[in-house]
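S.K.: Generate coordinates for the sequence data below:
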Amino acid sequence: MTVHAIHIFDRKGKTLFTKRYTGKKQTAAQDAELIAEQRKLIFGMLFSLRELVGSLTPEGKTPSLHSVKTGAGTLHCYETLSGIRIALYTNNKPIMTMLGGRSKGEHPKDTSFQTALKYIYSEIWVECVVRSPLYRPGDIQVDPQPAGESTSSADESGRFDIKSTNFESRLDAYLTSMPWFKEI
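M.R.: Below is the predicted model of the structure:
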C-alpha cells in the first residue's frame with residue numbers, strides 16, 4: 001500500500017496541513033499549484049459525499065464516511081466532533097486491517113486506516129498542535145514561509161505555524177511505522 005498524501009481540513013474547508021509522500025519531482029511553483037488544486041478537489045469531494053451520505057442515512061443513525069475508492073486510489077477519511085477532517089490518500093492495493101501486535105506497545109494493535117486516522121488526530125494532532133500554547137483556532141499558517149523570512153513559531157501577524165511544532169516529524173514517524181506505508 002502506497003500512501004500518496006495526507007490532508008487535514010477544518011470545518012470550513014481551510015487546509016490546516018498537507019503533505020505529499022509520492023509524486024513527480026516538479027518545480028516549487030508547479031508543486032504548490034498542484035497541491036492547492038488537489039486540496040480544493042479533495043475537500044469538495046469529501047463535503048459533497050458527506051452530504052449525500054447524510055441524506056441517505058436512516059433517521060436516528062449517525063452518518064459516516066470512512067473511505068472512497070476510485071479507479072486511481074482510495075481516500076480514507078476521519079471527521080472529528082469539532083469538524084476537523086483528516087484525509088489519507090492511498091493506492092488501491094488490498095487493505096490490511098489487522099496485523100497483530102506492534103513492538104514496544106507504541107501503537108495500537110489494530111492497524112486499520114480508521115484506527116490510524118483516529119490515532120493521528122488524538123495522539124499527534126491534539127498533543128502537538130492543539131495543546132501548543134501558541135495555537136489559536138483559525139490562526140494557523142498553512143503555506144510555509146520562504147526560507148530565512150521567519151524563524152519564530154508565530155509570525156508578525158500572530159499566525160501559528162504548524163512547522164514550529166513536532167507534528168510533522170511525529171506524523172512521519174507514525175505513518176512510516178505502519179505496515180501498509182510504502183514511500184516511492
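
S.K.: Would you tell me which helix is longest in this structure?
M.R.: helix 28-56 (DSSP state H).

S.K.: Can you list the residue ranges for strands in the protein?
M.R.: Remark: strands assigned in the chain by DSSP state E are 3-9, 15-20, 67-69, 74-79, 85-90, 140-141, 160-161.

S.K.: Could you list the paired strands of the first one along with their orientation?
M.R.: Strand 3-9 sits in its sheet next to strand 15-20 (antiparallel), strand 85-90 (antiparallel), going by DSSP bridges.

S.K.: Quick one: work out the angle between the last one and strand 74-79.
M.R.: In terms of direction (axes from the mean of the first three to the mean of the last three C-alpha atoms, to 10 degrees), strand 85-90 departs from strand 74-79 by 160 degrees.

S.K.: got the CA coordinates for strand 85-90 in PDB?
M.R.: Only the C-alpha atoms of strand 85-90 are listed here, as PDB (Å, rounded to 0.1, in the frame of the first residue of the first chain):
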ATOM      1  CA  ARG A  85     -11.300  16.300   8.700                       C
ATOM      2  CA  ILE A  86      -8.300  14.100   8.000                       C
ATOM      3  CA  ALA A  87      -7.900  12.500   4.600                       C
ATOM      4  CA  LEU A  88      -5.300   9.900   3.700                       C
ATOM      5  CA  TYR A  89      -4.900   9.200   0.000                       C
ATOM      6  CA  THR A  90      -3.500   5.700  -0.900                       C
END
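
S.K.: any residues touching that strand, and which ones?
M.R.: 1-11, 42-43, 46, 73-79, 113, 116-117, 120-121, 125, 180 (C-beta atoms under 8 Å, 6 or more residues apart in numbering). Bear in mind the C-beta positions are built from the backbone N, C-alpha and C, glycine included.

S.K.: Now, of those, which are buried?
M.R.: Taking 16 or more other C-beta atoms under 10 Å as the criterion, what is buried in the contacts of strand 85-90 is 1-10, 42-43, 46, 73-79, 113, 116-117, 120-121, 125, 180.

S.K.: contacting residues around the closest residue to K118 other than its chain neighbours?
M.R.: Leaving aside its chain neighbours, K118 sits nearest to Y78 (6.2 Å; criterion: C-beta to C-beta, 6 or more residues apart in numbering). By C-beta under 8 Å, 6+ apart, the contact list for Y78 reads H66, R85, I86, Q114, L117, K118, I120, Y121.

S.K.: Please report how far the fifth one lies from L134.
M.R.: L117 sits at a distance of 25 Å from L134 (criterion: C-beta to C-beta, to the nearest Å).

S.K.: cool, and the second one?
M.R.: Counting by C-beta to C-beta, the gap from R85 to L134 is 23 Å.

S.K.: Of these two, give the one with the bigger neighbour count.
M.R.: Remark: of R85 and L134, R85 carries more neighbours, 23 against 15, as counted by other C-beta atoms under 10 Å.

S.K.: what bridges to the more buried one?
M.R.: Taking DSSP bridges as the rule, R85 bridges to F9, E79.

S.K.: Done for today, thanks.
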